[in-house]
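Asks: what follows is a predicted protein model with its sequence.
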Amino acid sequence: MATYKKAFADDDLIFNQNEDANRELMRRLRGRLKAIHAGGGDKAMAKHRAKGKLPVRERIALLIDDRDDFFEFGTLAAYGMYEEHGGAPAAGVVTGIGRVSGRLCVIVANDATVKAGAWFPLTGKKNLRAQEIAMENRLPIIYLVDSAGVYLPMQDEIFPDKEHFGRIFRNNAVMSSMGIPQLAAIMGPCVAGGAYLPIMSDEALIVDGTGSVFLAGPYLVKSAIGEDVDIETLGGATTHSEISGVTDYHMPDDKTCLETVRQLVSKLGHRPRAGFDRAEAKAPAANPAEIMGILPADRAKPYDMHQIIDRLVDAGSQVEYKAGYGQSIVTTYARIEGWAVGIVANQRKILKTAKGEMRFGGVIYSDSADKAARFILNCNQKRIPLVFLQDVTGFMVGSRAEQGGIIKDGAKLVNAVANSTVPKFTVIVGNSYGAGNYAMCGKAYDPRLIVAWPSAQIAVMGGEQAAKTLLQIQVAAMKKKGEAPDPDKQQELLDRITQRYLAQTSPYYAAARLWVDELIDPLATRHILALGLEMADHNPEVKPFNPGVIQT
């Protein structure tokens with residue numbers, strides 16, 4: 001803390017208050033993650049072990065080289081959702097990126113302690129996101145299959161649409177044509193349409209006594225054709241390894257199966273890389289732990305984004321682009337653990353321009369949008385990946401901004417972000433409101449990874465502004481009916497609207513719906529970005545940049 005305090009702050013109390021508030025946010029996050037890691041609970045876990053099966057995260061720990069190097073994403077998927085169905089921690093599936101025999105791989109593993117690994121709507125969305133990451137970065141993907149199939153009470157939300165269950169098998173086929181290795185370990189039931197996932201992979205392993213694959217289970221077979229048959233005869237390991245030939249490897253237990261997967265991955269051939277520049281990594285010039293004291297506890301308070309960047313990038317690596325122009329966005333070349341990046345970050349300081357104009361922190365002005373768009377074009381020209389640090393309340397509004405062409409300049413930035421072909425990574429530090437979310441590479445703009453700090457808030461506008469806007473609409477509607485509310489009634493309405501709206505701006509609300517890949521510890525940001533950059537380097541295909549029509 002000494003470096004930050006001595007150089008930038010006279011008030012140790014404010015620093016300590018910020019630090020306490022941000023550490024409390026992390027404490028809450030860790031508590032919620034711990035509960036999610038318990039899966040379906042102690043009883044379900046005991047029942048799972050009694051079948052001779054390892055819990056999902058123990059399976060992953062045996063599969064990967066180092067559990068501390070495993071980046072789990074989508075952990076908070078379905079958080080607070082499906083409560084009427086008993087809940088679905090992590091949407092009943094664990095997804096992540098880890099090293100297997102030294103190779104970066106995407107891992108998708110069903111958690112059979114959660115409704116027998118059944119597929120909820122968010123389970124499907126989470127699986128599709130994992131496949132998307134594998135395809136975008138040309139990473140091998142490993143499936144640890146242990147699922148009872150679609151959760152039937154919600155089948156209409158998971159079965160027939162383009163982004164539903166069937167898209168997974170379509171992706172299996174597409175990845176095969178792309179030459180992306182797919183390995184599937186059948187470690188539990190694999191039923192009905194779900195049976196296609198492991199068998200459409202390159203190779204399938206099946207565990208004796210617990211693994212099974214069939215299009216219809218014994219009850220449905222009896223109902224459909226009157227045949228009495230047990231699970232093992234219908235689709236067990238012996239049937240598919242010795243009779244049908246559906247599976248490739250007959251494994252005696254989970255541990256042997258996972259070790260065999262490691263052996264298979266160790267023999268994969270190597271492919272060309274993208275060639276993004278990497279130098280020897282250097283530690284940041286300032287202590288990253290100080291981020292917790294720099295980031296204000298009050299999300300409306302200003303701070304200098306340069307101080308955050310200084311604690312994320314390699315010492316001495318920054319070359320700031322147009323530092324004196326369009327200062328409400330910081331654009332700088334830098335390195336993260338040696339990887340060259342272009343950083344586009346919202347500046348949260350309140351600024352005064354050379355013309356004497358005041359600029360609000362976190363707002364995008366015409367000149368900053370113009371600068372950021374040009375910087376993005378430069379990074380594409382130079383094949384430099386982009387990192388967006390979001391803390392944005394939106395674009396500047398009002399007659400002066402409109403007459404100055406804010407829509408035109410904002411469109412220029414959105415166009416550049418949308419058409420950028422170098423890998424993009426997004427970190428939501430604080431606010432992520434309205435079109436600012438889009439311009440700073442929100443989920444709709446295909447970042448390779450998008451993560452958020454526990455301090456993040458994502459919404460079409462800030463809670464206070466939104467609540468007052470919604471209140472005005474409701475009051476106007478009531479007046480039309482001759483029901484004009486008194487001041488006390490208006491305050492009651494405002495409080496109710498505010499609480500509902502603020503709940504929807506929570507980072508947990510966003511993470512539950514996979515608007516972000518993961519909520520992360522701010523101090524892990526540098527490592528996660530470096531992992532993402534290494535991952536992106538596996539795909540040698542960087543398309544030519546064509547921004548299309550941009551108004552000038």
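Replies: Right, received. Where do you want to start? Bear in mind that the values here come from a model prediction, so they are computed numbers and not experimental data. Numbering: from 1, shown residues only.
Asks: helices or strands next to the longest helix anywhere in the chain in the packing?
Replies: Taking DSSP state H as the criterion, the chain has its longest helix at helix 12-37. Here helix 12-37 touches helix 2-8, helix 291-294, going by 3 or more C-beta pairs under 8 Å, 6 or more residues apart in numbering; DSSP states H and E. Where you see a C-beta, it was placed from the backbone N, CA and C, and this is true even at glycine.
Asks: which ones are touching Val114?
Replies: Neighbouring residues of Val114 by C-beta atoms under 8 Å, 6 or more residues apart in numbering: Gly39, Gly40, Ala44, Ala88, Pro89, Ala90, Gly92.
Asks: what would the residues you listed look like in CSV with neighbour count and distance to Glu227?
Replies: Listed next are those as CSV, based on neighbours: other C-beta atoms under 10 Å; distance: C-beta to C-beta, whole Å:
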residue, neighbour count, distance to Glu227
Gly39, 21, 35
Gly40, 22, 32
Ala44, 18, 31
Ala88, 26, 33
Pro89, 23, 37
Ala90, 25, 37
Gly92, 30, 31
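Asks: of those residues, closest to Tyr445?
Replies: Ala90 (25.6 Å; C-beta to C-beta).
Asks: so how far is Tyr501 from the closest one?
Replies: 27 Å (C-beta to C-beta, to the nearest Å).
Asks: what does Arg57 give?
Replies: From Arg57 to Tyr501 the distance is 35 Å (C-beta to C-beta).
Asks: what do you get for Asn419?
Replies: Taking C-beta to C-beta, one finds Asn419 at 33 Å from Tyr501.
Asks: quick one, which of those two is more surrounded?
Replies: Tyr501 (20 against 17; other C-beta atoms under 10 Å).
Asks: flag every buried residue along the host helix or strand of that one.
Replies: Per DSSP states H and E, Tyr501 falls inside helix 487-505. Across helix 487-505, burial judged by 16 or more other C-beta atoms under 10 Å covers Gln490, Leu493, Leu494, Ile497, Thr498, Tyr501, Leu502, Thr505.
Asks: can I get that helix in CSV? Just the C-alpha atoms.
Replies: Output in CSV follows, covering the C-alpha atoms of helix 487-505 (Å, rounded to 0.1, in the frame of the first residue of the first chain):
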residue,chain,number,x,y,z
PRO,A,487,-46.1,12.2,-2.4
ASP,A,488,-46.0,9.3,0.1
LYS,A,489,-47.4,6.9,-2.5
GLN,A,490,-44.8,8.1,-5.0
GLN,A,491,-42.0,7.5,-2.6
GLU,A,492,-43.3,4.0,-1.9
LEU,A,493,-43.4,3.3,-5.7
LEU,A,494,-39.9,4.7,-6.1
ASP,A,495,-38.5,2.6,-3.4
ARG,A,496,-40.1,-0.6,-4.8
ILE,A,497,-38.9,0.2,-8.3
THR,A,498,-35.4,1.0,-7.1
GLN,A,499,-35.0,-2.2,-5.2
ARG,A,500,-36.2,-4.3,-8.1
TYR,A,501,-34.0,-2.5,-10.6
LEU,A,502,-30.9,-2.7,-8.3
ALA,A,503,-31.3,-6.4,-7.9
GLN,A,504,-31.1,-6.7,-11.7
THR,A,505,-27.9,-4.7,-11.9
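Asks: extract the C-alpha set from the helix or strand following it and format it as PDB.
Replies: Per DSSP H and E, helix 487-505 leads on to helix 507-512 as the next helix or strand towards the C-terminus. Provided in PDB are the C-alpha atoms of helix 507-512 (Å, rounded to 0.1, in the frame of the first residue of the first chain):
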ATOM      1  CA  PRO A 507     -23.100  -8.800 -10.900                       C
ATOM      2  CA  TYR A 508     -24.600 -12.100  -9.600                       C
ATOM      3  CA  TYR A 509     -27.700 -11.500 -11.700                       C
ATOM      4  CA  ALA A 510     -25.400 -11.000 -14.700                       C
ATOM      5  CA  ALA A 511     -23.300 -14.000 -14.000                       C
ATOM      6  CA  ALA A 512     -26.300 -16.300 -13.300                       C
END
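Asks: other SSEs contacting helix 507-512?
Replies: strand 449-452, strand 457-459, strand 518-519.
Asks: show me what it is in contact with.
Replies: Applying C-beta under 8 Å, 6+ apart, the contact partners of helix 507-512 are 32, 75-81, 122, 428, 452-458, 503, 516, 518-519.
Asks: quick check: Thr393 vs Phe375, distance?
Replies: 21 Å.
Asks: please apply the same query to Leu62.
Replies: From Leu62 to Phe375 the distance is 44 Å (C-beta to C-beta).
Asks: tell me which of the two has more neighbours.
Replies: Phe375 (25 against 16).
Asks: what comes up buried for the helix or strand hosting that one?
Replies: Per DSSP H and E, Phe375 falls inside helix 366-382. Using 16+ other C-beta under 10 Å as the test for burial, helix 366-382 gives 366-377, 379-380.
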